[in-house]
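Novice: Let's see this in three dimensions:
(chains A and B)
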Amino acid sequence: KAGVTQTPRYLIKTRGQQVTLSCSPISGHRSVSWYQQTPGQGLQFLFEYFSETQRNKGNFPGRFSGRQFSNSRSEMNVSTLELGDSALYLCASSWGLANYEQYFGPGTRLTVT
Amino acid sequence: KNQVEQSPQSLIILEGKNCTLQCNYTVSPFSNLRWYKQDTGRGPVSLTIMTFSENTKSNGRYTATLDADTKQSSLHITASQLSDSASYICVVFRILFSGGYNKLIFGAGTRLAVHP
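Specialist: Here you go, the predicted structure:
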């Protein structure tokens, strides 16, 4: 069974631009979560989608948004990029919410200049 | 305040030795606690998930313990291998029954280096 895939793997953007990251979950998984990882802050939870609905949300500004499609694929969008948005963005999928095990993708490395 | 603290911050051990990583949390209400292994440049991989009723759970050479009364967990690695060199992250899932968002709270991780 194929794992979680994320595209693109690497991205360089300029301040003020916007970016869209994509995540394809493991086949059959209906929950997709997004995380930001930086050396200073570690892993931080962005949001979780299940059956096309946002079910959980972390403490990030409204510039960070996401959506999930009917095939469970998910996209994350960051508008008006700031230097501090440079990070590894990880996507994880699971069969359901809460106690189900999550499987992480390799991440997208975003650099904002 | 809901927090997860891990110790030590970093650790160097020789191949073949055992080691124990610590995780203390103040998260409430508690749903489950997870240990992840993250190799450099890769996504985390789940090692164990423990609910409040579980005291010990093993995954090969990895054994996690949980004391829900003292809110402490540990991850014991037996007979370490060079491939165990990674960051180990403790995560606590906080579940809300009265509405609002559930939340995963992450520790900062322990960076383990296994030397030959």
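Novice: beta partners of the residue of chain A found nearest chain B?
Specialist: Chain B sits closest to A:Phe104 of chain A, with a gap of 3.2 Å, by Cβ to the nearest Cβ. C-beta: built from backbone N, CA, C; applies to glycine. Beta-bridge partners for A:Phe104, by DSSP bridges, are A:Ala92.
Novice: and if you look at A:Glu48?
Specialist: A:Ser33, A:Asn56.
Novice: For it, list the residues it contacts.
Specialist: Residues near A:Glu48 by Cβ atoms under 8 Å, 6 or more residues apart in numbering or on different chains: A:Ser31, A:Val32, A:Ser33, A:Trp34, A:Gln54, A:Arg55, A:Asn56, A:Lys57, A:Leu97.
Novice: Tell me who's in contact with the second one.
Specialist: So the one you mean is A:Val32. Counting by Cβ under 8 Å, 6+ apart, the residues that A:Val32 touches are A:Cys23, A:Pro25, A:Glu48, A:Tyr49, A:Phe50, A:Gln68, A:Ser72, A:Arg73, A:Ser74, A:Cys91, A:Ala92, A:Ser93.
Novice: Of those, which is the nearest to A:Pro8?
Specialist: A:Pro8 lies nearest to A:Cys23 out of these, by Cβ to Cβ, at 11.5 Å.
Novice: returning to that earlier point: check contacts around the residue of chain A closest to chain B.
Specialist: A:Val4, A:Leu90, A:Cys91, A:Ala92, B:Gly43, B:Pro44, B:Val45 are the contacts of A:Phe104 under Cβ under 8 Å, 6+ apart.
Novice: Which residue does chain B have closest to chain A?
Specialist: B:Gly43 (3.2 Å).
Novice: My guess is that residue contacts A:Gln102. True?
Specialist: No: assessed by Cβ atoms under 8 Å, B:Gly43 is found out of contact with A:Gln102, at 9.8 Å.
Novice: shaky segments in the chain?
Specialist: No chain was given, so I picked chain A. Within chain A, the ranges that satisfy pLDDT under 70 run A:1, A:98-99.
Novice: Hmm, no, I was thinking of chain B.
Specialist: In chain B (pLDDT under 70), the answer is B:96-102.
Novice: For it, which residues are neighbours of chain A?
Specialist: Within chain B, the positions adjacent to chain A are B:31-32, B:42-46, B:49, B:51, B:89, B:91, B:93, B:95, B:101-104, B:106-109 by Cβ under 8 Å from any Cβ of the partner chain.
Novice: Roughly how far does the residue of chain A closest to chain B sit from A:Val78?
Specialist: According to Cβ to Cβ, to the nearest Å, A:Phe104 stands 19 Å off from A:Val78.
Novice: In space, not sequence, find me the middle residue of chain A.
Specialist: By Cα atoms, centre = their mean, chain A has its centre lying nearest to A:Trp34, at 3.2 Å.
Novice: Next, the residue lying closest to that one once chain neighbours are set aside: secondary structure please.
Specialist: Nearest non-adjacent residue to A:Trp34, counting by Cβ to Cβ, 6 or more residues apart in numbering or on different chains: A:Leu46, 4.1 Å away. Secondary structure for A:Leu46, judged by DSSP: H, G, I helix; E, B strand; the rest coil, is strand.
Novice: Who is the closest residue to B:Leu82 other than its chain neighbours paired with across the strands?
Specialist: Nearest non-adjacent residue to B:Leu82, counting by Cβ to Cβ, 6+ apart: B:Val114, 5.3 Å away. B:Val114 has the following beta-bridge partners by DSSP bridges: B:Ile13.
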